[in-house]
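A.B. asks: Okay, sequence plus prediction incoming.
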Amino acid sequence: MANDWKERLGVVFSTNPDFEYENEQEETQETLPPQQQKLRVSLDKRNRKGKAVTLITGFVGTEDDLKSLGKMLKTKCGVGGSAKEGEILIQGDFREQVMKLLQQEGYKPKRSGG
């Protein structure tokens, strides 16, 4: 007889006999094609100890697609950064280079702020 206590981790006890446990699964969002993306490229210095970062916002799609676009931009610019929650952060001021790279990939980026 297998002990299934590990399968019940995270389940709160319920006295409701009709209780159905739902696994938390975030809805997967369809990634829009590059032409339909409304990306904004800006320079951000807030809350970064005076360091400037290039911020790309407005990405609509899956986290994996966001990360792959972020990885491509970081690699081409030769710097670090991150990609999460619909934003790509590139360390340093690479607005012009990022705009050109996004256009080459079929996106229609707009400059905003900074």
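C.D. replies: Good, I have the coordinates. Residues are numbered from 1 along each chain as shown.

A.B. asks: contacts, neighbours, all on C-alpha from now
C.D. replies: OK.

A.B. asks: can you tell me which residue is nearest the centre of the protein?
C.D. replies: Centrality entry for the chain: nearest residue to the mean C-alpha point is residue 84, 3.1 Å, by CA atoms, centre = their mean.

A.B. asks: what does the model give the closest residue in space to residue 102 that isn't next to it in sequence for pLDDT?
C.D. replies: By the measure of CA to CA, 6 or more residues apart in numbering, the closest residue to residue 102 outside its immediate chain neighbours is residue 109, 6.7 Å from it. In the predicted model, residue 109 carries a pLDDT score of 92.

A.B. asks: how far away is residue 109 from residue 37?
C.D. replies: Relative to residue 37, residue 109 is positioned 8 Å away (CA to CA, to the nearest Å).

A.B. asks: Those two: who's more crowded?
C.D. replies: Each of residue 109 and residue 37 has its neighbours counted (other CA atoms under 10 Å); residue 109 has more, 22 against 17.

A.B. asks: give me every residue that touches the residue nearest to residue 102.
C.D. replies: Residues in contact with residue 109 (CA atoms under 8 Å, 6 or more residues apart in numbering) are 38-41, 99, 102-103.

A.B. asks: ok, back up a step: wait, what's in contact with the residue nearest to the centre of the chain?
C.D. replies: By CA under 8 Å, 6+ apart, the neighbours of residue 84 are 63, 66-67.

A.B. asks: With residue 96 instead?
C.D. replies: By CA under 8 Å, 6+ apart, no residues touch residue 96.

A.B. asks: circling back: is it possible to mark the buried ones in the contacts of residue 109?
C.D. replies: Neighbour counting over those (16 or more other CA atoms under 10 Å) leaves 38-41, 99, 102 as the buried ones.

A.B. asks: So which residues of this structure form strands?
C.D. replies: In the chain, strands defined by DSSP state E lie at 40-44, 53-57, 81-84, 87-91, 110-111, listed in chain order.
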